[in-house]
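Enquirer: coordinates only, sequence not included:
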C-alpha cells in the first residue's frame, strides 16, 4: 500500500512537472506593463503606462512599485541587476532615466526632442546600446561604456528610409545587433553598430519585434505574420506553421529549439520543435499579454499583461523530465546521437534536488556553451544541445551539482 502511494506521488509530480508551470503574480499596479527585463531567475524589472516601474528580487514572489522616474508612460526597460536599470519614456521630449539604488531615485541620463527611444540593451554592467526613431534622416543610435551614465553616437551614422522603430524591437548578442522597423526592414550589425546591413522581409508592417535563440536562429513578428531565419537573418522566410491567431505579434522569446510567442491576446503559444508546431501553453485569467521575456541569465519566463498582471513560468527550458522515479545516485549519460550534427541529447539523474550547471568546453578547455544553469528537483532529465554555431570537432560536456561532477566527450561532425 505504501509503495502504491509513493508511486502515485511520484507519478503526480512527474505529470505536474511536464505540464506548463505558470503562476499569476501580483505586480502592485493595474496599468498596462509595456516592457519587461528579466536579469536572472530572481531579479526582473517591468515598466508601463502612468510612469509605472515595478521590480522583483525574489523570483516574483513579491513585486513592488518603485519611485516613478518621471512623467509619461515608460515604453522600454533594461535591468542590469537588482539595483541598476534604465528606462525610456516619451512625453514633451524623449528621456532615459537610470537608477543605481533599486529604483529609490532616478537620474536623467539622456534627453532629445523627437526620435522616441525604442529599446535599450546592456551587454555588460558597463557597455550598452540604445536605438530610437530617426532624427534628421538618421537613426537615433547610441552607445555607453559607463553603465548608461553617458551616451555617445560617434561612428553610428545609419541613414533612415522613412522608417520608425518599435518599443522592445531590438536584440543584442555580444557584438551582434538586430532591430526592426516598419519598412518592413530588419537592420543588422556584426560589430556593435559600426557597420550595418539591411535585411528585408516580405510582409507589410506597422509593428514588428524579434528574438534570437542563438546568433543564427531567430524569429520575427511582422504585424500578425511571422518569419524565421537560420543564418542570422541573411534570409528570412515565412514561418510555415505560425501560432494560431490573427492578432499582432507582441513578443517572442525562447532558448534552443523552444520558442514562446504572444499576440495581442490572452494566450501564450509554445513550440518545442523550432516553430514547426505550436500548442497553447497558458491562458491569462484576465487582460491580454503585452510583453514577454526569458531571463537573460536563467531559465525563468515572465509575461506582462494589459491590466498590470504578470505571469511567471518556472518550466524547464531546454531540460525535460523523463521519469517520475527518484534515482539512487548521480549520473550523466553519453550524449546521443554521437557523433551528432547539429543537435544531441544528454540524460542525467539527480538523487536529490540540486543547483545544476551543464556546460560545454572545447579541447583547449574554453567554455563554448551553457546548456543549463539552475535549480532542479530530484529526478531524471534529458537536456537538448544544439551546436549549430560550433565547428566540427571534439567537445567535452561537464555537469556540476556541488556534490557531483563528471565530464564526457562528444563529437560534432558537419
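Expert: Ah, there it is. Just so we're clear, the structure is a prediction, and the values are computed from it rather than from any experiment.
Enquirer: how about low-confidence regions in the stretch 101-250 of the chain?
Expert: Within the stretch 101-250 of the chain, the stretches with pLDDT under 70 are 203-205.
Enquirer: Can you tell me the closest non-neighbouring residue to the residue nearest the centre of the chain?
Expert: Most central in the chain under CA atoms, centre = their mean is residue 294, positioned 3.6 Å from the mean C-alpha point. The shortest distance from residue 294 to any non-neighbouring residue, by CB to CB, 6 or more residues apart in numbering, is to residue 253 (4.6 Å). For glycine as for every other residue, the C-beta is placed from the backbone atoms N, C-alpha and C.
Enquirer: separation between that neighbour and residue 296?
Expert: Noted for residue 253: a distance of 10 Å to residue 296, by CB to CB, to the nearest Å.
Enquirer: Among the two, which residue is more densely surrounded?
Expert: residue 253 (25 against 14; other CB atoms under 10 Å).
Enquirer: what about the more buried one, helix or strand, and which?
Expert: strand 249-255 (DSSP states H and E).
Enquirer: from the middle of its chain, how far away would that strand be?
Expert: 7 Å (CA atoms, centre = their mean, to the nearest Å).
Enquirer: Direction included, what does the very next helix or strand once past that strand pair up with?
Expert: Counting by DSSP H and E, the next helix or strand C-terminal to strand 249-255 is strand 258-263. When pairing is defined by DSSP bridges, strand 258-263 lines up against strand 249-255 (antiparallel), strand 267-271 (antiparallel).
Enquirer: Pick the most deeply packed of these.
Expert: strand 249-255 (a mean of 24; mean count of other CB atoms under 10 Å).
Enquirer: what's the biggest strand by length in the chain packed up against?
Expert: Using DSSP state E, we find that the single longest strand of the chain is strand 367-376. Contact analysis of strand 367-376 by 3 or more CB pairs under 8 Å, 6 or more residues apart in numbering; DSSP states H and E lists strand 354-361, strand 379-386 as its packing neighbours.
Enquirer: as a whole number, average confidence for the last one?
Expert: When pLDDT is averaged over strand 379-386, the result is 89.
Enquirer: Distance from the chain centre to that strand, please.
Expert: With CA atoms, centre = their mean, you get 20 Å for strand 379-386.
Enquirer: Neighbours of residue 195, how many?
Expert: A count of nearby residues for residue 195, using other CB under 10 Å, gives 11.
Enquirer: That one contacts residue 189, correct?
Expert: Yes: counting by CB atoms under 8 Å, residue 195 does reach residue 189; the two are 6.2 Å apart.
Enquirer: can I get the strands paired with strand 258-263 in TSV with distance to residue 328?
Expert: Shown next, in TSV, are those (distance: least, CB to CB, whole Å):
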stretch	distance to residue 328
strand 249-255	31
strand 267-271	33
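Enquirer: And these: which comes nearest residue 218?
Expert: strand 249-255 (8.7 Å; CB to CB).
Enquirer: measure stretch 256-273 end to end?
Expert: With CA to CA, to the nearest Å as the measure, the ends of stretch 256-273 fall 10 Å from one another.
Enquirer: Counting neighbours, which bits of that stretch end up buried?
Expert: Judged by neighbour count (16 or more other CB atoms under 10 Å), stretch 256-273 contains these buried residues: 256-272.
Enquirer: Surely residue 284 is in contact with residue 266?
Expert: Yes: judged on CB under 8 Å, residue 284 makes contact with residue 266 at a distance of 4.3 Å.
Enquirer: ranges for the helices of the stretch 1-150 of the chain?
Expert: In the stretch 1-150 of the chain, the segments counted as helices under DSSP state H, counting those that start in this stretch are 2-18.
Enquirer: Which residue ranges of it form strands?
Expert: Counting by DSSP state E, counting those that start in this stretch, residue ranges of the strands within the stretch 1-150 of the chain are 22-25, 33-38, 44-48, 52-56, 64-65, 74-79, 85-90, 94-99, 107-112, 117-122, 128-135, 138-144.
Enquirer: Any chance of those in CSV with distance to residue 238 and mean neighbour count as columns?
Expert: Shown next, in CSV, are the strands of the stretch 1-150 of the chain (distance: least, CB to CB, whole Å; neighbours: other CB atoms under 10 Å):
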stretch, distance to residue 238, mean neighbour count
strand 22-25, 29, 15
strand 33-38, 27, 26
strand 44-48, 31, 29
strand 52-56, 36, 24
strand 64-65, 41, 14
strand 74-79, 27, 26
strand 85-90, 31, 26
strand 94-99, 34, 24
strand 107-112, 36, 15
strand 117-122, 24, 25
strand 128-135, 25, 23
strand 138-144, 26, 21
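Enquirer: if we compare those strands, which one ends up closest to residue 154?
Expert: strand 138-144 (8.0 Å).
Enquirer: Run through who's touching that closest one.
Expert: Strand 138-144 is contacted from outside by 110, 112, 115, 117, 122, 126-134, 150-154, 156-160, 163, 165, 187, 192-193, using CB atoms under 8 Å, 6 or more residues apart in numbering.
Enquirer: The same query, at a cut-off of 6 Å, please.
Expert: Defining contact as CB atoms under 6 Å, 6 or more residues apart in numbering, one finds that strand 138-144 is touched by 115, 128-132, 151-153, 156-160, 193.
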